[in-house]
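Undergrad: return atomic coordinates for the entry below.
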Amino acid sequence: MNSTHAATPPPASGTPGLDTPDHRGRTGLDRVGRDLDRNPDVVVREVELTSRGWHVLRRTTFDYRRRDGRWETQARETYDRGNGAVVLPYDTARGCVLLTRQFRYPAYVNDHPDGMLVEAAAGLLDADDPLTAVRRESAEELGVELGPLTPVFEAYMSPGSVTERLHFFAAPYTPADRTGEGGGLEEDGEDIEVLELPFTTALAMIRDGRIADGKTIMLLQWAALEGPFAPRPKALLP
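TA: Prediction:
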């Protein structure tokens, strides 16, 4: 099989997001993925930009070598919204965690009763590193200035269609660290309620469905299994 990438006509001159900056200063949105060569069983043939709003939707055609050695051509749509970061602030002295509640239309249109999801504070990295981004989101959404951050793990949240890699963190807080009201940025359409909940209540909300957000469930269960609220081993008797 010929493994060279197929030639693609250059974009029309002056196309925002392609050869001239779009409203976010981006160019080359149709080039992402064309130079991938880390997997010898995948050869990218064509990348079609099907939507370029605040985020980007692409349709990519590639050749894939199956485990039995046969090559086949596949096409996938990928939604590129950038990477993100999420944090679980916790107060072990009072047994609390800080979460948010906000309206999420995609959940509302997919059978959630009212679209009001309880979540851990999160946001896109944009031009920031994960630590900076998660501190920014904590200040904006929760009104909290976080101290030391513990990296928990990284995860692809919907790898069948969304490119986003999410960086998970946890951080201790006290009432003195709450320096603002939070609530998010009104100019971004955010209307976020800050929830300070007993950790045991948050776990119960997973079981009864009041917490149905994946990233939040992952952080709360980490906190219960091996994080700040995990059972401590009993001291051995002499």
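
Undergrad: only C-alpha atoms for contact and neighbour calcs from this point on.
TA: OK.

Undergrad: can you list the residue ranges for strands in this protein?
TA: For the chain, applying DSSP state E gives strands covering 42-52, 56-65, 71-80, 84-91, 96-103, 116-119, 121-124, 150-156, 165-172, 193-198.

Undergrad: can I get the ones you listed in JSON lines with mean pLDDT, distance to residue 213 and mean neighbour count?
TA: Shown next, in JSON lines, are those (pLDDT from 0 to 100; distance: least, Cα to Cα, whole Å; neighbours: other Cα atoms under 10 Å):
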{"stretch": "strand 42-52", "mean pLDDT": "93", "distance to residue 213": "26", "mean neighbour count": "18"}
{"stretch": "strand 56-65", "mean pLDDT": "96", "distance to residue 213": "23", "mean neighbour count": "18"}
{"stretch": "strand 71-80", "mean pLDDT": "96", "distance to residue 213": "19", "mean neighbour count": "15"}
{"stretch": "strand 84-91", "mean pLDDT": "97", "distance to residue 213": "12", "mean neighbour count": "25"}
{"stretch": "strand 96-103", "mean pLDDT": "96", "distance to residue 213": "11", "mean neighbour count": "20"}
{"stretch": "strand 116-119", "mean pLDDT": "97", "distance to residue 213": "6", "mean neighbour count": "21"}
{"stretch": "strand 121-124", "mean pLDDT": "95", "distance to residue 213": "11", "mean neighbour count": "23"}
{"stretch": "strand 150-156", "mean pLDDT": "97", "distance to residue 213": "14", "mean neighbour count": "14"}
{"stretch": "strand 165-172", "mean pLDDT": "98", "distance to residue 213": "14", "mean neighbour count": "21"}
{"stretch": "strand 193-198", "mean pLDDT": "96", "distance to residue 213": "15", "mean neighbour count": "18"}
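
Undergrad: quick check: closest non-adjacent residue to residue 130.
TA: Nearest non-adjacent residue to residue 130, counting by Cα to Cα, 6 or more residues apart in numbering: residue 85, 5.8 Å away.

Undergrad: and that neighbour, what is it in contact with?
TA: 122, 123, 124, 125, 130, 131, 133, 134, 166, 167, 168, 169 (Cα atoms under 8 Å, 6 or more residues apart in numbering).

Undergrad: I'm done for today, thanks for sticking with me.
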